[in-house]
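Student: Quick one, what's the 3D model for this:
(2 chains)
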Amino acid sequence: MSQPDSLLRRLWPFRLERRATPSAAMRLASPLIAGVAMALTGLIVFLILGQDPLVAFRVFFIAPFGGSYEIGELLLKATPLMLCALGLAIGFKANVWNIGAEGQLIVGAIAGSAVALFGSESLGALTVPLMMLAGAIGGMAWAAIPAFLRTRFHTNEILVSLMLVYIAQQLLGYLVHGPWKDPAGYNFPQSRAFAEAAILPALVEGTRVTGALIMALVLAVLAWLFTAKTHAGYRMQVAGLAPAAARYAGFSDTRNIWLALLVGGGMAGLAGISEVAGPIGLLQAVISPGYGFAAIIVAFVGRLHPFGIVLASLLMSLLYLGGEAAQVELQLPSSITGLFQGSLLFYLLAADLFIGFRLRRIVRAVAP
Amino acid sequence: MTLETPQPPPRLRLRGITKRYPGVIANEAVDLDVGVGEIHALLGENGAGKSTLMKIVYGVTRPDGGHIEWEGSRVSIASPAEARRLGIGMVFQHFALFETLTVAENIALAMDDPPKPSALAARIREVSEKYGLPVDPDRLTHSMSVGERQRVEIVRCLLQSPRLLIMDEPTSVLTPQAVLTLFETLRRLAAEGMSILYISHKLDEIRTLCDRATVLRGGRRSGSAIPREESNESLARLMIGGELQACQLTPRTPGEVELELTHLSLPTRDPFGTALDDLNLRVRRAEIVGIAGVSGNGQKELLAALSGETPSPHSGMVRIGGQSAGLLDPAQRRALGFGFVPEERLGRGAVPAMSLAQNALLTGARAGMVRGGLIRQSRMAEFAQQTIAAFKVKCSGDAALAGSLSGGNLQKFIVGRETRLNPKVLVVAQPTWGVDVGAAQLIRQALIDLRDQGVALLVISEELDELFMICDRIAVIAQGRLSPPMATGTLTVEQVGVLMAGSAHAPEAADVAA
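Tutor: Below you'll find the predicted structure:
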């Protein structure tokens, strides 16, 4: 479409022009660029807040690598992010936008906790596996709601899955304030502590890392095999890249949506139960500092690739830990973590834009 | 059309126009003159640089070198708005219409000073009737077929009363009668002093319509000619730099029925779609049946009903290889030996962001590319490589992204993929739309070879010449109804044209009669 010479164009004589061939190398480099830009932004923010940027930088980015316990914490926090993001990425590749991993995580935690609270005495060694299974099923059940509504009534899964997060939070609040509240818990909104048999043991003495990390890494490999090697994974990618081609080839839209949401929900549910059966050890009113939402950023920073997600979840975990340390040691507000997360996603999207497009100055024609 | 002395300056003069894109030279030192009241043909294969040159004239793209003179004075055209101010109108090959807006709203958007909506609608009706281009100003664009959209583009241009009209392949979607009407119109416009730059690869048209022709090959001007004094062969030589091969259709006795439509009626859910009304058709082994028609007469709906993207009301309405298939989905129909080449290549026939090898798997899962749910990469790559070789697909290899191929090459790949999957029935929509002459010939020959191997083929095309070239029988679709197919030898282009016009296009028919 034509545009007359406007004031806007004189003030901003640039436009975006599609690149002939986007660089594959830059696609991989853009998360790094975004990470560096995020760190620089952080330094500027520290300066404005009157902190010594070097000290703040050390607290935020170096201290979390300080020792085996610290590294353990890094891996511990990366685990739920990794689990959620792996599942979400499979859906995102198929244009199924599950934004509600946080809710699926909570319902997975509730379902798994039910096994821990009411079955751990009779189940013995089967307790943990059954908790994991219940957690995955709980997450899937929560994700099945948007799947059903989308395939049956064409509702938008972004809205439905997001709204279900708040319902899940209310459900959890009701349980820990009401029926599942520990009678001997001084009226704190939390359940009884899980029995020994219902707790994931630490992998390494002196850390809090559990077997959930191993499970997440195995699932990362499986997720990669699924997308790269199976026909079902291929069909989902086609549905995401070119929906008309998927219809032409006869790939079922319904099947893709169900698969995407069930995988995403199941993985989020695993993340939820791993948290309550691991570092938390009981069910309480808040079990996740927004892992389900941060996982969306992790999925994109990881380029929707399982191995990228493993790395991206470590970065995001670092931001959580750095944010906590900054609160404790520098008395910075807790929103510092959100600021880093947000600026990381912002820079990533910006970098991605410039992979596909370049900024061109609009030159007024000059008669030769 | 002789010009008196002293010669007035030409309306448009291009000198040394050069445009480079990363990796390609689209135009190199191209000269072109278009006189007042002249119909000038710009001839060339796909990728010869015709569209780039026209975009430069229309201010969409800026040249890297050379200059433009408009009515004797040097100009630089920075934007389409500026081009329109000068008096240049352009009908694009790929249409820039907003899907969710009506025809009138789309046209208003493209105007620099749009009149009131009611007045505009009236003007659209007036212009569309005057030039035999039926367009309803209140219709939403998303429901329109490619052909109908093109009509909107033509009307949109004519509304601006330009002094130079650029037309990029305008006739591919018109009935022969409508083409004649359009030519009348263009000649009248030219007689009134309008200059017309006519881009086409249809040599017959250029020879009947155009006063002069400039031929491009590989971005350079390979020659110019007075088309009336040339033959199709000599023009084609200038265009492709070699001889053109004709395809061979030897008579064959068809076998048993492979594809059968019985009383296929399909109401349309789309308020602007075409309902299919009692379609009956049999396609037998070793024959090619063609369906002619102006786009928007039910082709889209018929193709969706054939492929299974829209299920039929009853399973017996569509039979593939003797089996009722009306309720089967596209994958199940494929399993019965059904193959399909859709009209849209990018995004439907192929996934642009995937490699050719991965695109082989799109419909090739049954050809040994999947075992136990797992993809066999080597089979996939092998299939793609063989397809590339057999159909002379110009690309960097089986890892090339489908989106990086030119339209013609991608079409060769898709036709190649579908034919190499050994279908019993192959339905092809617009086999050579926007494909250059050489590739078109190769695709047509491949379809004929398939027929000779005993495959039942159904070709839906808006190019009558093509249907007459490759079909054993031709039926015509108009207003969602299908005429009985008739042997190609017993038909004339005029007869088919009358059927194509149908009852809905009575004004066009009347125009011809008048």
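Student: When you work out contacts or count neighbours from here on, use the C-alpha atoms and nothing else.
Tutor: Fine.
Student: Could you list the domains of chain B?
Tutor: By the assignment in automatic domain parsing, chain B contains the domains B:12-240, B:257-337+B:423-513.
Student: Which of those domains sits closest to chain A?
Tutor: In this view, the domains of chain B are compared for proximity to chain A by CA to the nearest CA, and domain B:257-337+B:423-513 is the closest at 4.5 Å.
Student: Around the residue in chain A that chain B sits nearest to, count how many other residues there are.
Tutor: Of all residues in chain A, residue A:245 sits closest to chain B, with a separation of 3.7 Å (CA to the nearest CA). Burial of residue A:245 is recorded as 26 neighbouring residues (other CA atoms under 10 Å in any protein chain shown).
Student: so what's it up against?
Tutor: Residues near residue A:245 by CA atoms under 8 Å, 6 or more residues apart in numbering or on different chains: A:238, A:239, B:347, B:348, B:349, B:350, B:351, B:362.
Student: center of chain B - which residue?
Tutor: Here the mean C-alpha position of chain B is nearest to the C-alpha of residue B:433 (CA atoms, centre = their mean), at a distance of 3.6 Å.
Student: all helices for the stretch 301-450 of chain B, in order.
Tutor: The residue ranges that make up the helices of the stretch 301-450 of chain B, judged by DSSP state H, counting those that start in this stretch, are B:330-335, B:356-364, B:377-390, B:407-420, B:437-452.
Student: For residue A:146, find the nearest of the domains of chain B.
Tutor: Across these, residue A:146 has its closest neighbour in domain B:257-337+B:423-513 (24.6 Å, CA to CA).
Student: Is that closest one in proximity to chain A?
Tutor: Yes: Domain B:257-337+B:423-513 comes into contact with chain A when judged by CA under 8 Å from any CA of the partner chain, the residues involved being B:307, B:309, B:329, B:330, B:331, B:332.
Student: Might one say that the fourth one is in contact with residue B:307?
Tutor: Yes: in this structure, residue B:330 is within contact of residue B:307 by CA atoms under 8 Å, at 5.6 Å.
Student: Neighbour count: the two, which is higher?
Tutor: Counted by other CA under 10 Å, residue B:330 and residue B:307 do not tie: residue B:307 has more neighbours, with 30 against 27.
Student: And the pLDDT for the residue nearest to the residue of chain A closest to chain B when sequence neighbours are not counted?
Tutor: In space, not counting the residues next to it along the chain, residue A:245 is nearest to residue B:348; the distance is 3.7 Å by CA to CA, 6 or more residues apart in numbering or on different chains. Reading off the per-residue confidence, residue B:348 sits at a pLDDT of 92.
Student: In which helix or strand does residue 54 reside?
Tutor: Defaulting to chain A. Take DSSP states H and E as the rule and residue A:54 turns out to sit in helix A:53-57.
Student: That was the other one, I meant chain B.
Tutor: Of the helices and strands defined by DSSP H and E, residue B:54 is found in helix B:50-57.
Student: Following element in sequence after that helix, please.
Tutor: Reading on from helix B:50-57 to the C-terminus, the next helix or strand found by DSSP H and E is strand B:65-70.
Student: burial count for the residue in chain B that chain A sits nearest to?
Tutor: Among residues of chain B, the one nearest chain A by CA to the nearest CA turns out to be residue B:348. It sits 3.7 Å away. The burial count assigned to residue B:348 is 19, neighbours taken as other CA under 10 Å.
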